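Undergrad: Pasting the sequence and the predicted coordinates here, then a few questions.
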Amino acid sequence: MLAFVAGVGGGSFFDISQKMVLIIAIIAVSLAAVFYRRGSKILSFPVAFSAFLVLVFTVGVLRFDASEFLAKVLTNFNDTRINVRLLGYINDEPQKLTDKQRLVLRVKEIEVPGYAVFTDEKVLLTANLYPEFEYGDLISVEGKLQGPKNFTAIPQRAAGFAEPSTRNDFDYVNYLAKDDIFSLVYFPKIEGIKRNDFLRPKEISIFENFKISLFKNVFKAKRAFKESIERIIAEPNAALINGILLGSRENIPQNLKEAFNKTGTTHILAISGYNITILGLYITSLLLFFMRRQIAFWFTVSGIILFTILTGASASVVRAAIMGILILLAYREGRFYDMTNSIVFAGSAMIALNPRILRFDVGFQLSFLATLGLIYLAPILRDKLKKIPEFFNFRENFIATLSAQIMVLPIILYNFGSFSLVSLPANVLILPAVPITMFFGFLSGISGLIWPPLGEILGLAAWLLAEYEILVVKIFSSIL
Amino acid sequence: MTSKKQIIVFAALILFLVLASSAVLKDDKELKVYFFDVGQGDSIFIQTENKKQVLVDGGPDNKVIQRLSEAMPFWDRTIDLVILTHPEKDHIAGLIEVLKRYKVRGIIETGIDCEKPECRAWKDLKDKEGAAVISPKLGDSAVLDENTKILILSPFDDLVGKKVSKANNTSIVAKLIYGGHSILLTGDIEKQIEEKLVLAGIDINSDYLKIPHHGSKTSTTEEFLDEASPLSAFISLGRNNSYGHPHEEIKSRLEKRDIKYYRTDELGTILLNCRLNEPCQVKNEK
C-alpha cells in the first residue's frame, strides 16, 4: 500500500518514462513469479515481498500517468484567440464571489467555425454575478480559452486548504489540475440551452443524468439553507457560520480570511478529517445525554454521511468524512494504535481514485498528518502534560491541537512559508466554540426555513459565537 | 460537564447581549447618511433619528452587504425603504442581494423597461418579497419620521414600462430633508436633466450634494452647481476606475466655488452626521 503511494508520489515528482516503468514492472512480475514458484528455498519472504512492492510501485506510477491522459481537446484552443462555442452542463455548485461568479462547465461539445468536436472535460468559467445559474443547467458558452497561469501576486482564489496569502507564487496551474481543469474562459457569452440543442444529446449518459438530477436537489437544499442563514445573521458572521457548516469560504471578507490564515485557524473553515473528527466527538458526547454510546455513535456516523451529501459530496469532503468516521470508530473501540492500517488503506484508496491529491491537495496532506498526530502524538503528550488543569475539555483540546499542529508543521512551512506562534493559543480558544457554533448555526438555518422568528432568536446565539471566534482571530492576528 | 459548559456559555451570551444592547440604545437622536465605498457605483444608506432606514442604490456588486452590516445593528434584518434611482448595473446589482438577505418594506423605482440580467433577477425577487412598490414623480414625497422626509424632484412624469435608450437621465433625483438640513441625491443624471431642473425653477438648493454620475464630465454643470449651491459634495466612485472619474473639469468647478468634496475612492465609506440645529459633521473610515 505504502509502495503504491510512493509510486504515485514518484510519478508525480519525476517524469518517469512509461517504457522504463514497463521494464521495471516486467522484471518485478517475473521475479515475483519465479520466486513464488520455487517455493521457500532461495526465496526468502522479504525478497518476494520487496519484488511485490516494486510491482505495486510501478502500478502507482502508471496510475498517475494514466490520470494525466484524460481527454484534453480544449487545451489545444488555449490562448489561440479562436472564438469557440462550448456546450455542456454546470458540473459543480456555482461559486459566488463578491463581484463575480465561477462556474465549472463539463464540456460535451466544442464548436469552432467549420467543425464540431465531442469531448468530455472541464473548463472553469468566470462570469458576471447575474444571470444566476444552478448545478446541472445546460448552457452554451462563447468565448476564448486561456490556460491557467501561476500567480505572481496575491491569489484571488482559495487554495485547497488555506489561502497562501503570505506567499506570492501560487501554483494555480496545479491547483486546478487536481480538479482536471486545464482551461479557463473569462466573461464569455452564456446562454441557457435545451437537450435538443446538443448535436449529440446522448453524449450525456444515463448515469450522468441520474447524478445531475440527484445533486441538483442536494444543492438546492444546501442553497436554501445557506440563504436562510444569510437572511438571519449579519455579515461577516453569516459567512463564517456557512464556512464552518458547509465549508464555503468565498463570502468571507479578505481581511478576515487573512486573519484566519495568520493565526493558523483556517482549518475550521475547511472540512477536513481533522475537524470532522473533533466535531464528531463533540456530537457524540452531546448525544450521550439521550442515548447509549453505541446508538450515539451510529447517529453521529449517519449525521456525518448526511452532512457529506449536503455539502455536495465533493471529493475532499468524502475523504474527510471517511477519515472522520475511521477515527471515530477507533475512538469508540479505544484502539487508536490499531488504526494505522485502515488509515493507510483509506489514504491509498483515495490516491488510487485521484492520484493528484497526494502532491497537490494540501488539505489531504494536512488531514492525514493531523490525524496521525492525533493517533501517535496525542497519547505521548497526554502522559507528559498531566499537570495541565482539566477545565472544560481544555486539556484535551490543547493536547489534540498541539499534536496535530506538530505533525502538520512541515507541510505548512513548505506550503505557506510561515508558521504562526499564536496558532496554538488561538486554536485552543476557538475550537471549543466551533461545535456549539455549528449546533446553533444549524438549528437557526433550519428553523429559519420553517419559522423565521425562531430562526432569528437562535441566530443571535450563533451570531454571538461567531463574533467571539472573529474577535479571537482578530486579536491574535493583530499581535503579529 | 457539557451541561456546566452550556450554562456558562448561556450566561456569557446573556451578559453580552445586555452590554451590546445598552451600548446601542444610548444612541443619540441624529441623522446618519453613509456614502458606502462599493467601488465604481452608488450606494447611500440613510438612518433617521427614529432608526428608519433607507438604502439608495446598491452599487455594482455584493460589497454593499458588508457595508450594510457595518452600518446596521447586527439583529436588524429589516430595511424600511429601498430607492433604485435607475436600473443600471452599478446601481442595481447590489440591491438584488439586499432583497435576498433583508426584509424590505417598500421600494421606490421608476419602473422603466429593462431586460438586463440584473433587472430580471431584481424583478423575480421583488415579486417574491411582497414589498410595496412605488413609482415616483416630481412632487411626490415620503415622510420618514416627524423631522425627516424625502422629496422627489425628478423624473417629471410617470415612467413605468417606458423604453428608454439612456437610463441615466431617468434617474430619481431626491432631496432628503432633516429639520433645517438638506441633502440632494442625484443618481446618474446628466446635463439635460440638470438644465431641466434649473430652468423649471425646481428648488434644488441644498446643504450637501451627491455629485451626479460619479463625477463624469457629462454632468455637474456650472448652472446646476450655482443653483444647488452646496456647502460640500460627495463623489461615489471606484479607485483607478476606467472612466477617469472624477473628471478634472468637475473638480475645478467645485474648487472654483470653494465647495469641499469627499471621494469614496480616497476616503472609503463616508458618514455625514447631522443633528437638529447643529452643523453636520463628516467622518470617514480611512
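TA: Thanks, I have the structure now.
Undergrad: drop to CA atoms for contacts and neighbour counts, all remaining ones
TA: Will do.
Undergrad: For A:L246, give me phi and psi.
TA: Note on A:L246: its backbone torsions stand at phi -120, psi 0 [degrees, to the nearest 10].
Undergrad: Measure how buried it is and give me the count.
TA: Other residues near A:L246 come to 22 when the count uses other CA atoms under 10 Å in any protein chain shown.
Undergrad: Next, work out how far apart it and A:A239 are.
TA: Computed with CA to CA, to the nearest Å, the distance linking A:L246 and A:A239 is 10 Å.
Undergrad: For those two, list the residues in contact with both.
TA: Here A:L246 and A:A239 share no contacting residue, scored by CA atoms under 8 Å, 6 or more residues apart in numbering or on different chains.
Undergrad: Doesn't A:L87 lie inside a helix?
TA: No: the assignment for A:L87, made by DSSP: H, G, I helix; E, B strand; the rest coil, is strand rather than a helix.
Undergrad: What part of chain A, helix or strand, is modelled with the least confidence?
TA: When each helix and strand of chain A is scored by mean pLDDT, DSSP states H and E, helix A:18-37 comes last, with a mean of 51.
Undergrad: I'd guessed B:V64 sits against B:S43; true?
TA: Yes: at 7.3 Å, B:V64 counts as touching B:S43 under the criterion of CA atoms under 8 Å.
Undergrad: more crowded one of the two?
TA: When B:V64 and B:S43 are compared for neighbours, B:S43 comes out ahead with 32 against 27, by other CA under 10 Å.
Undergrad: just to revisit the earlier point, overlap in contacts, B:V64 and B:S43.
TA: Joint contacts of B:V64 and B:S43 (CA under 8 Å, 6+ apart) are B:36, B:58.
Undergrad: Compute the first-to-last residue distance for stretch B:127-138.
TA: Counting by CA to CA, you get 26 Å between the two ends of stretch B:127-138.
Undergrad: you'd agree B:I211 is up against B:P230?
TA: No: look at B:I211 against B:P230 with CA under 8 Å: they stay out of range, at 10.4 Å.
Undergrad: Settle it for me: which of these two has more neighbours?
TA: The neighbour comparison of B:I211 against B:P230 (other CA under 10 Å) goes to B:I211, with 27 against 23.
Undergrad: contacting residues around the more buried one?
TA: Here B:I211 is in contact with B:185-186, B:220, B:233-236 (criterion: CA under 8 Å, 6+ apart).
Undergrad: Can you give me the distance of B:H181 to B:I152?
TA: Distance from B:H181 to B:I152, by CA to CA: 16 Å.
Undergrad: And for B:I44?
TA: From B:I44 across to B:I152, the span is 16 Å (CA to CA).
Undergrad: Over to A:P452?
TA: With distances taken as CA to CA, A:P452 is found 35 Å from B:I152.
Undergrad: Would you map the strands across chain A?
TA: Assigned by DSSP state E, chain A shows strands spanning A:83-90, A:95-96, A:101-112, A:115-127, A:138-146, A:181-186, A:189-192.
Undergrad: Other residues contacting the fifth one?
TA: Spelled out, that is strand A:138-146. Applying CA under 8 Å, 6+ apart, the contact partners of strand A:138-146 are A:74-75, A:77-90, A:183-195.
Undergrad: residue in the stretch 1-150 of chain B nearest to chain A?
TA: Closest contact between the stretch 1-150 of chain B and chain A, by CA to the nearest CA, is at B:R101 (4.2 Å).
Undergrad: which residues touch that residue?
TA: A:227, A:230-232, B:77 are the contacts of B:R101 under CA under 8 Å, 6+ apart.
Undergrad: quick one: pLDDT of it?
TA: Looking at B:R101, its pLDDT is 93.
Undergrad: any idea how far it lies from A:S228?
TA: Applying CA to CA, the value for B:R101 to A:S228 is 8 Å.
Undergrad: before we move on, what about A:T80?
TA: Look at A:T80 and A:S228: by CA to CA, they are 44 Å apart.
Undergrad: repeat for A:M350
TA: Distance, A:M350 to A:S228, by CA to CA: 34 Å.
Undergrad: Settle it for me: which of the two has more neighbours?
TA: Neighbour totals were compared for A:M350 and A:S228, and A:S228 leads with 24 against 20 (other CA under 10 Å).
Undergrad: The more buried one contacts A:G448, correct?
TA: Yes: A:S228 is within contact range of A:G448, at 5.7 Å (criterion: CA under 8 Å).
Undergrad: before we move on, the earlier item: want to try CSV for the strands of chain A, with mean neighbour count and mean pLDDT as columns?
TA: Output for the strands of chain A, formatted as CSV (neighbours: other CA atoms under 10 Å in any protein chain shown; pLDDT from 0 to 100):
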stretch, mean neighbour count, mean pLDDT
strand A:83-90, 22, 91
strand A:95-96, 18, 88
strand A:101-112, 21, 91
strand A:115-127, 18, 89
strand A:138-146, 21, 92
strand A:181-186, 22, 90
strand A:189-192, 14, 91
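Undergrad: Redo the ones you listed as JSON lines? Include distance to B:V18.
TA: Below are these laid out as JSON lines (distance: least, CA to CA, whole Å):
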{"stretch": "strand A:83-90", "distance to B:V18": "47"}
{"stretch": "strand A:95-96", "distance to B:V18": "36"}
{"stretch": "strand A:101-112", "distance to B:V18": "40"}
{"stretch": "strand A:115-127", "distance to B:V18": "44"}
{"stretch": "strand A:138-146", "distance to B:V18": "51"}
{"stretch": "strand A:181-186", "distance to B:V18": "49"}
{"stretch": "strand A:189-192", "distance to B:V18": "51"}
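Undergrad: Nearest to chain B within the stretch 201-350 of chain A, name that residue for me.
TA: Proximity to chain B, evaluated over the stretch 201-350 of chain A using CA to the nearest CA, is greatest for A:R231 at 4.2 Å.
Undergrad: and that residue, how many neighbours does it have?
TA: Neighbours of A:R231 (other CA under 10 Å): 26.
Undergrad: how far away is it from A:F225?
TA: Here A:R231 is placed at a distance of 10 Å from A:F225 (CA to CA).
Undergrad: And B:F156, by the same measure?
TA: Using CA to CA, B:F156 is found at 44 Å from A:F225.
Undergrad: More neighbours: which of those two?
TA: Between B:F156 and A:F225, counted using other CA under 10 Å, the more crowded position is A:F225 (22 against 17).
Undergrad: quick one: contacts for that one?
TA: Listed by CA under 8 Å, 6+ apart, the contact partners of A:F225 are A:445-446, A:449.
Undergrad: change it to 10 Å
TA: Going by CA atoms under 10 Å, 6 or more residues apart in numbering or on different chains, A:F225 touches A:219, A:231, A:242, A:246, A:310, A:442, A:444-449.
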